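**Q** Predicted model and sequence below, questions to follow.
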Amino acid sequence: MTPIAKRRLQNFRANKRGYWSLWIFLVLFVLSLFAELIANDKPILVSYDGELYAPILVSYPETVFGGFLETETEYKDPEVQEMIREKGWMIWPLVPFSYDTFNYELTEPAPSAPNGVNWLGTDDQGRDVAARMIYGFRISVLFGLALTFFSSIVGVAAGAVQGYFGGLTDLLFQRFMEIWGGLPVLFLLIILASVVEPNFWWLLGLMLMFSWMSLVGVVRAEFLRARNFTFVQAARALGVSNTVIMFKHILPNAMVATLTFLPFILNGSITTLTALDFLGFGLPAGSASLGELLNQGKSNLHAPWLGLTAFFVLATMLSLLIFIGEAVRDAFDPRKTFR
Amino acid sequence: MTDAPLMIVKDLVKEFPHKRAGGRSETMRAVNGVSFHIRRGETLALVGESGSGKTTLARAAAMLHPPTSGSVVFEGREIATLKRRSLKGARKRMQMIFQDPYASLNPRLPVSAIIAEPLAIHSLGNRAERRAEALRLAQSVGLKAQDLDRYPHQFSGGQRQRIAIARALALKPALIFADEPVSALDVSIQSQILNLLRDLREEYGPAFLFIGHDLAVVRHFADRVAVMYMGRIVEEAASETLFNTPRHPYARALIAAAPRIGQGKRAPGAMRGAARDIPSPFDPPPGCPFHPRCPMAEDICKTTPPELELVEPGHQAACHFT
């Protein structure tokens, strides 16, 4: 590791808030990656008749456990549970509901208030809010990461080309971006929603078509500045090709400005997905999403656990990411001293 | 050594567009119809005050900024009209050393990568061979083996310039453009670097286009000297001839103005007229560009620009009174 990278790492660590935010966020994110083991309507492990089964990984028909249906076992069914208990045992996840499990044993009309079974209550269709929160967190972060990743690739490439070549290339590209950026994304999504059923990848693709522009400005500026640096001229005098100059000589020097932007783009992406879900133009109906939870909270004001859960999850997640982003930005700032 | 010059530059013009407030655009002629040649193994120095177009001339001749017009023949091939891609062959034979060693090395690359880069882009040797060659080059400019894995910021200015020189030598070029290679350095380091350049010149035998404003340095390093003023060459001669018997009043003023050891003051009144500022290159004076500052100026100087003429074999000057 170069000394400068070491110093940056040190600076990042010195920022306690950002450092702890990173750890908390990582723990939450890694946990949510294993959401199937935390919140599911199937047991993690079943012992039946001396044999072990892992229903989360393999789908077993009911006949395996002494039933008579050829379809997959309904482990939540009291009769099935009784059959299994007679000849063995089951280990259930912490939250015995998946994001799309309907709780048929509600004692009050949905949305039902938090109790011992549904810790955060249920939504208006009787689905467990805690389970939906875990899955919703995961899909939000994954969507945000994917969108950030792809839009930075496109954005960096576009900014690099504009900044490096400058002149007419730059002028035309910038004008194109002004027009392109003026397109109403929301209307495009509504049109899309009427043609296809938007899923994760449709949304990602469509958002990507517009989100790449957020990085272009800063990368372009860095390249405009760097193209006249003497070492770039030196490389040019050596006969180094444009592509190599751009990616080997300038990009590493422009990376700092780019990196400091990423956490904020990630935040923006998550918020965008939530907003779309809230409006009903996002992920397909039934998928776990924080935006949909917020929408339910809005239409069920008498069930505050819906809105509050969504609010706290979103607020925590976005705050953590902003804290991390600030720490990264400060760690890369050459003028900032910490001691 | 063949008689055909290594590089012949003819009527080279380099203009820069400049947009004024209000949308009026004008052009600045940084280099205004310059011709010169460099023979194999010869060192030609360009001198002149700041803004006289020395660096622009070198960069245009090196095709770093394509010249506006004129011709540059390098090793018998016209390169002024070549496209980037076809220039690569010529690039292999000419290299550049820049003024500021703090800016001319990529801070993100280790020294080994910097020195070996010319080899890498011309696909010479494999990785291990290039590394070995980088080591040899580094040692020939006085760096140590362990320096190869360090980064530019870990070196002093003089050492950085050594790295830049090693990079320029990597392809054993026929011509090296050295744009004030020592003026950013400490005086004590300057002589080390100059001696290094001399030793390497003897060992590898490249020709140099050496830009300098320190006349003492130029006098000791160059075979021939060309004096530039406002984008033109006003006098050109063998180094000793020029310093002993300068003909053009600007060259005289320039030489007289240079401080010398053992001489308390500059020659009295040396820069008399020339002490005035250089005229705006956007609005060059008519006639001889030096006439507003020239102590010898007469009416003809205000109307007719003098041509560069031979005053004696190997000595040219552009003045009506030589």
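**A** That came through fine. Residues are numbered from 1 along each chain as shown, chains lettered A, B, ... in the order given.
**Q** List the residues that contact residue 66.
**A** Here I'm looking at chain A. Applying CB atoms under 8 Å, 6 or more residues apart in numbering or on different chains to residue A:66 gives the contacts A:83, A:87. In short, each C-beta sits where N, CA and C put it, glycine included.
**Q** oops, chain B please
**A** Residue B:66 neighbours (CB under 8 Å, 6+ apart): B:60, B:80.
**Q** one more time with 10 Å, if that's ok
**A** B:14, B:59, B:60, B:72, B:79, B:80, B:81, B:82, B:83, B:84, B:87 (CB atoms under 10 Å, 6 or more residues apart in numbering or on different chains).
**Q** Would you check that residue A:162 makes contact with residue A:175?
**A** No - assessed by CB atoms under 10 Å, residue A:162 is found out of contact with residue A:175, at 11.1 Å.
**Q** ok, back up a step: any idea which of the contacts of residue B:66 is closest to residue B:221?
**A** residue B:59 (20.0 Å; CB to CB).
**Q** Name the SS class of residue B:36, please.
**A** Secondary structure, DSSP: H, G, I helix; E, B strand; the rest coil: residue B:36 is strand.
**Q** neighbours around it, how many?
**A** When neighbours are counted by other CB atoms under 10 Å in any protein chain shown, residue B:36 registers 21.
**Q** Can you spell out which residues form a bridge with the residue lying closest to residue B:168 once chain neighbours are set aside?
**A** Excluding the flanking residues, the one nearest residue B:168 by CB to CB, 6 or more residues apart in numbering or on different chains is residue B:95, at 4.0 Å. Residue B:95 forms beta bridges with residue B:176, as assigned by DSSP bridges.
**Q** returning to that earlier point: more neighbours: residue A:162 and residue A:175, which one.
**A** Comparing residue A:162 with residue A:175 by other CB under 10 Å, the one with more neighbours is residue A:162, at 24 against 10.
**Q** Assumed that one was part of a helix.
**A** Yes - counting by three-state DSSP, residue A:162 falls inside a helix.
**Q** tell me which parts of the stretch 151-300 of chain A are close to chain B?
**A** A:229-242, A:244-245, A:248-253, A:255 (CB under 10 Å from any CB of the partner chain).
**Q** Could you give me the PyMOL syntax to select whichever of the residues you listed are buried?
**A** In PyMOL, this line selects whichever of those come out buried by 16 or more other CB atoms under 10 Å in any protein chain shown:
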select buried, chain A and resi 229+230+231+232+233+234+235+236+237+238+239+240+245+248+249+250+251+253
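**Q** Among the residues of the stretch 151-300 of chain A next to chain B, which lie within helices?
**A** A:230-238, A:242, A:244, A:251-253, A:255 (DSSP state H).
**Q** Farthest-apart pair in those residues, please.
**A** Greatest spatial distance among those (CB to CB): A:237 and A:255, at 24.1 Å.
**Q** For the chain, which residue occupies the most central location?
**A** I went with chain A, as the question did not name one. Nearest to the mean C-alpha position of chain A, by CA atoms, centre = their mean, lies residue A:141 at 1.6 Å.
**Q** My question was about chain B, not that one.
**A** Geometric centre of chain B, nearest residue: residue B:211, 3.0 Å, by CA atoms, centre = their mean.
**Q** Just give the number of residues close to residue 15.
**A** All of this refers to chain A. Burial of residue A:15 is recorded as 21 neighbouring residues (other CB under 10 Å).
**Q** Not quite, go with chain B.
**A** Neighbours around residue B:15, by other CB under 10 Å: 17.
**Q** can you tell me the helix or strand for it?
**A** strand B:7-19 (DSSP states H and E).
**Q** Sheet-wise, list the partners of that strand with their directions.
**A** strand B:25-38 (antiparallel), strand B:69-74 (antiparallel).
**Q** list the buried ones in the longest one?
**A** Neighbour-count burial for strand B:25-38, counted by 16+ other CB under 10 Å, picks out B:28, B:29, B:30, B:31, B:32, B:34, B:36, B:38.
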